[in-house]
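In: Generate a structure from the sequence data that follows.
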Amino acid sequence: MNALLLTRIHADRQGAAVHLAQPSERVARLLEITGADRVFPVDSEVPPAWPSR
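Out: This is a model prediction of the structure:
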């Protein structure tokens with residue numbers, strides 16, 4: 001959980017956002033219990049991979 005929250009802080013400082021895609025039921029429950037579900041957008045689908053360069 002600390003790693004996710006620190007990643008969110010660093011991303012926010014860079015003007016980016018961290019989204020969680022299809023978290024498992026256990027992870028979703030942990031986010032709910034800790035209140036972190038209010039700061040992490042949750043996507044119902046995994047986005048396609050970024051194109052390689």
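In: Low-confidence regions, the chain specifically.
Out: Low-confidence segments of the chain, defined by pLDDT under 70: 50-53.
In: ranges for the helices of it?
Out: For the chain, the helices defined by DSSP state H cover 2-13, 25-34.
In: gap between the two ends of stretch 1-20?
Out: Stretch 1-20 has its terminal residues 13 Å apart, counting by C-alpha to C-alpha, to the nearest Å.
In: let me fix that: stretch 20-29
Out: The first residue of stretch 20-29 is 13 Å away from its last residue (C-alpha to C-alpha).
In: my read: residue 46 touches residue 23, true?
Out: No. Contact criterion C-beta atoms under 8 Å: residue 46 and residue 23 do not qualify, at 10.8 Å. In short, each C-beta sits where N, CA and C put it, glycine included.
In: With distance to residue 40 added, can I get the helices of the chain in a markdown table?
Out: Conversion of these to a markdown table gives the following (distance: least, C-beta to C-beta, whole Å):
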| stretch | distance to residue 40 |
| --- | --- |
| helix 2-13 | 7 |
| helix 25-34 | 6 |
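In: Dump the ones you listed to JSON lines, plus mean neighbour count.
Out: Output for the helices of the chain, formatted as JSON lines (neighbours: other C-beta atoms under 10 Å):
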{"stretch": "helix 2-13", "mean neighbour count": "12"}
{"stretch": "helix 25-34", "mean neighbour count": "12"}
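In: Looking at residue 46 and residue 23, which one has more neighbours?
Out: Higher neighbour count among residue 46 and residue 23: residue 23, with 15 against 8, using other C-beta atoms under 10 Å.
In: which ones are touching the more buried one?
Out: Going by C-beta atoms under 8 Å, 6 or more residues apart in numbering, residue 23 touches 31, 42.
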